[in-house]
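Engineer: One predicted model, sequence on top.
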Amino acid sequence: MNAKDESALWRLSASDLQHCYRAGTLDPVTVTQAVLDRMDAVNSRLNAVIARRDSRVLDEARASAKRFANGQALSALDGIPVTVKDSLLTVDQPTSWGTKALREHQPGHDEFSVGRARSGGALIVGKTNVPEFALEGYTDNPLFGTTGNPWSLSLTPGGSSGGAVAALAAGIAPLAIGQDGGGSIRRPASHAGVVGLKPSLSAWPRQHVLPSLLLDFEVIGPLARTVADARLLFDALRGPDPVDRSSLTAAQAAQAYPRSKAPKRLIYVERFGSAPLDPQIARSAQQAAHVFADLGHHVEARALPLDLDFFVEAWPQIGQIGLARMFEAHPDWAEQASVKYRDMADAGRRLPASRLWQIIDHVTQLRRSCAALFEGVDGILMPSAAALPWPAKEAFPPRIDGQDVGPRGHAIYTGWVNAAGLPGLAMPAEPSSEGLPIGVQLIGAYGSDDTLLDLGETYEAAAPWAHRWPDL
């Protein structure tokens, strides 16, 4: 593709843009205008971006262009268009979290990682849609409505980072800052055919945040169309800061995993017990496992050697307790919340305090078990989601492979990774027969984010996907 073809500038990766800016063959103003034009062309059908900042971002693009002209780029992100999920605070735009009470919620801060991106010259083009309170695996809310999947507009891109992945897949900015509390980066990435990294707990420090509904499971992470771009954003925003003391531990853990090209020991986990998996996803994931084996890695297919039965019952209770606590602190938010979330909070209030401590004890044990597991393996490969995308207005698919499932039947592969605090890299695999995206994820030891990204880059080179674009 000719980088000077302005009609195609929205297709360029962040890495391509960085190279062109330095070479002087493109400038941030031209690129940002191309991205805004692309948003004009497709967003009304997708409903991915729910708040724009066109005039401000063009002013910022002009400032970025001057920096490049003077050889003074601020960072690898300077001049790169980025979207931000509407569950992350932004200093100059409301963060509604998809709920009516927060329609104008603007505390005057950037989430820590958003602030780092902004200070590095990233060009924030707008906020992306989420489900109410970012608690579900599809994207719909009372304020902004439903987000569609660029690959089939009547289907969901998943959630809760559904707006972020829909924008990426459609060419609205090459990078997105998302959030993952139980799979909310990785499952949407799989449904939209993009890359998403759920970093190790606290690899990106956190400050200026909305109330946590899922203990410490929620992390901020990069979404992109390529692994290289995900790494670019991850590297630009990682690193410890005293405002989040746990980030100091995360940085220390990362030092234990120096980058190496040596073959890795991988476990391929296709199924969790008798839980159903769409047959097309199973075939695609198996093919991905064969690719890793052909690349020289040792791939062993077996069951996940962890006991996760407790979390099947406990997972919804964590969110219920979190909502109950939040609504107690913000009764006005409760009054304007959708009925189902008020019902969830009521269920959380009925749980005894001892249940929360029991959950915390099991989380502690899971993290110890994972530390022991990764003494003998380098990574775990498994599907990102158990189901293909389903109708966009439905919260979850009620059946998978002919079996009835509950609200998290599609999400069984992801939540345990959050509870364990581990990094997980979601990448596109072979699409379905209908052309719908399918994703796999690599999970690594705490701190091994770079190892996962290295594996992802070699897999992408062997089984590329970035040439695929939805027909919009």
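Structural biologist: Structure's in. What do you need? Numbering: from 1, shown residues only.

Engineer: As a check, name the ranges of all strands in this structure.
Structural biologist: 49-52, 81-85, 123-128, 175-180, 195-198, 219-224, 265-268, 298-301, 379-383, 399-400, 403-404, 424-428, 439-443 (DSSP state E).

Engineer: and the ones you listed as TSV, adding mean neighbour count, distance to Leu366 and mean pLDDT?
Structural biologist: For glycine as for every other residue, the C-beta is placed from the backbone atoms N, C-alpha and C. What follows is those, written out as TSV (neighbours: other CB atoms under 10 Å; distance: least, CB to CB, whole Å; pLDDT from 0 to 100):
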stretch	mean neighbour count	distance to Leu366	mean pLDDT
strand 49-52	20	35	98
strand 81-85	28	26	98
strand 123-128	27	31	98
strand 175-180	29	17	98
strand 195-198	32	16	98
strand 219-224	28	16	98
strand 265-268	19	16	98
strand 298-301	14	22	98
strand 379-383	25	14	98
strand 399-400	18	25	98
strand 403-404	10	26	98
strand 424-428	30	14	99
strand 439-443	29	13	98
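
Engineer: Figure out which of these is closest to Val339.
Structural biologist: Closest approach to Val339 among the strands of the chain is made by strand 49-52 (22.3 Å; CB to CB).

Engineer: Okay, now the sheet partners of the closest one, with direction.
Structural biologist: strand 123-128 (antiparallel) (DSSP bridges).

Engineer: Near Arg53, how many other residues are there?
Structural biologist: Arg53 is flanked by 18 other residues according to other CB atoms under 10 Å.

Engineer: One more: Ala303?
Structural biologist: 11.

Engineer: Quick check, pLDDT for it.
Structural biologist: pLDDT, Ala303: 97.

Engineer: Number the chain from 48, please
Structural biologist: In the new numbering, first residue 48, that becomes Ala350.

Engineer: which one is it nearest to, not counting chain neighbours?
Structural biologist: Val316 (6.7 Å; CB to CB, 6 or more residues apart in numbering).

Engineer: Pull the contacting residues for the one you found.
Structural biologist: By CB atoms under 8 Å, 6 or more residues apart in numbering, Val316 lies in contact with 348-351, 427-429.

Engineer: Can you say which two of the residues you listed are spatially most distant?
Structural biologist: Maximum distance among the contacts of Val316 (CB to CB): 13.3 Å, for Ala350 and Leu428.

Engineer: returning to what we had before: tell me which of the contacts of Val316 is nearest to Ala214?
Structural biologist: Met429 (26.3 Å).

Engineer: Check whether the closest one really touches Ile459, as I assumed.
Structural biologist: No. Using CB atoms under 8 Å, Met429 makes no contact with Ile459, being 9.8 Å away.

Engineer: follow-up on the earlier one: same list, the strands of the chain, but as CSV with distance to His377 please.
Structural biologist: CSV is the format used below for these (distance: least, CB to CB, whole Å):
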stretch, distance to His377
strand 96-99, 22
strand 128-132, 20
strand 170-175, 21
strand 222-227, 19
strand 242-245, 27
strand 266-271, 22
strand 312-315, 43
strand 345-348, 47
strand 426-430, 37
strand 446-447, 36
strand 450-451, 36
strand 471-475, 31
strand 486-490, 34
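
Engineer: Tell me which of the ones you listed lies nearest to Met86.
Structural biologist: strand 96-99 (6.1 Å).

Engineer: all helices in the stretch 348-497 of the chain, in order from the N-terminus.
Structural biologist: 356-376, 378-383, 386-397, 400-420, 462-467, 496-509 (DSSP state H, counting those that start in this stretch).

Engineer: Go through these and pick out the most buried.
Structural biologist: Comparing these by mean neighbour count (mean count of other CB atoms under 10 Å), helix 462-467 ranks first with a mean of 24.

Engineer: now that helix, how far from the centre of its chain.
Structural biologist: Distance of helix 462-467 from the chain centroid (CA atoms, centre = their mean, to the nearest Å) equals 14 Å.

Engineer: gap between the spatially most central residue of the chain and Gly184?
Structural biologist: In the chain, the residue lying closest to the centroid (CA atoms, centre = their mean) is Ile232, at 2.0 Å. Using CB to CB, to the nearest Å, Ile232 is found at 12 Å from Gly184.

Engineer: shared neighbours of those two, which are they?
Structural biologist: With CB under 8 Å, 6+ apart, Ile232 and Gly184 have no common neighbours.

Engineer: contact partners of stretch 375-383?
Structural biologist: 146-149, 258, 373-374, 389, 392.

Engineer: now, among these, which is nearest to Leu105?
Structural biologist: Distances from Leu105 to the contacts of stretch 375-383, taken by CB to CB, are shortest for Leu149, at 27.3 Å.

Engineer: ok, the closest residue to that closest one other than its chain neighbours - how many residues close by?
Structural biologist: Once flanking residues are discounted, Leu149 sits nearest to Ser143: 4.7 Å by CB to CB, 6+ apart. Residues within reach of Ser143, counting by other CB under 10 Å, total 25.

Engineer: Then Asp139?
Structural biologist: 11.

Engineer: what ranges of this structure fall below the confidence cut-off?
Structural biologist: Counting by pLDDT under 70, the chain shows low-confidence ranges at 48-54.

Engineer: Roughly how far does the residue nearest to Leu149 sit from Glu151?
Structural biologist: Counting by CB to CB - Ser143 and Glu151 are separated by 8 Å.

Engineer: For stretch 101-114, buried residues please.
Structural biologist: For stretch 101-114, the buried set under the neighbour-count rule, 16 or more other CB atoms under 10 Å, comprises 104-105, 107-108, 110-112, 114.

Engineer: Mind listing residues that contact that stretch?
Structural biologist: 74-76, 78-80, 83, 120-121, 125-126, 128, 139, 168, 170-172.

Engineer: Just the buried residues out of those residues, in PyMOL syntax.
Structural biologist: In PyMOL, this line selects whichever of those come out buried by 16+ other CB under 10 Å:
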select buried, resi 74+75+76+78+79+80+83+120+121+125+126+128+168+170+171+172
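
Engineer: quick one on the thing from earlier: which single one of the buried residues of stretch 101-114 is nearest to Arg396?
Structural biologist: Closest to Arg396, out of all of the buried residues of stretch 101-114 and judged by CB to CB, is Val104, at 42.9 Å.

Engineer: measure Gly209 to Asn90 for me?
Structural biologist: From Gly209 over to Asn90 (counting by CB to CB), the distance is 13 Å.

Engineer: neighbour-wise, which of the two wins?
Structural biologist: Gly209 (36 against 20).

Engineer: Look up the closest residue to that one, ignoring the ones flanking it.
Structural biologist: Counting by CB to CB, 6+ apart, the residue nearest Gly209 is Thr186, at 2.8 Å.

Engineer: Please give me every residue in contact with the one you found.
Structural biologist: Residues near Thr186 by CB under 8 Å, 6+ apart: 176-178, 193-194, 203-207, 209-210, 213, 235, 439.

Engineer: how close does the residue nearest to Ala350 sit to Thr175?
Structural biologist: Taken as CB to CB, the span from Val316 to Thr175 is 30 Å.
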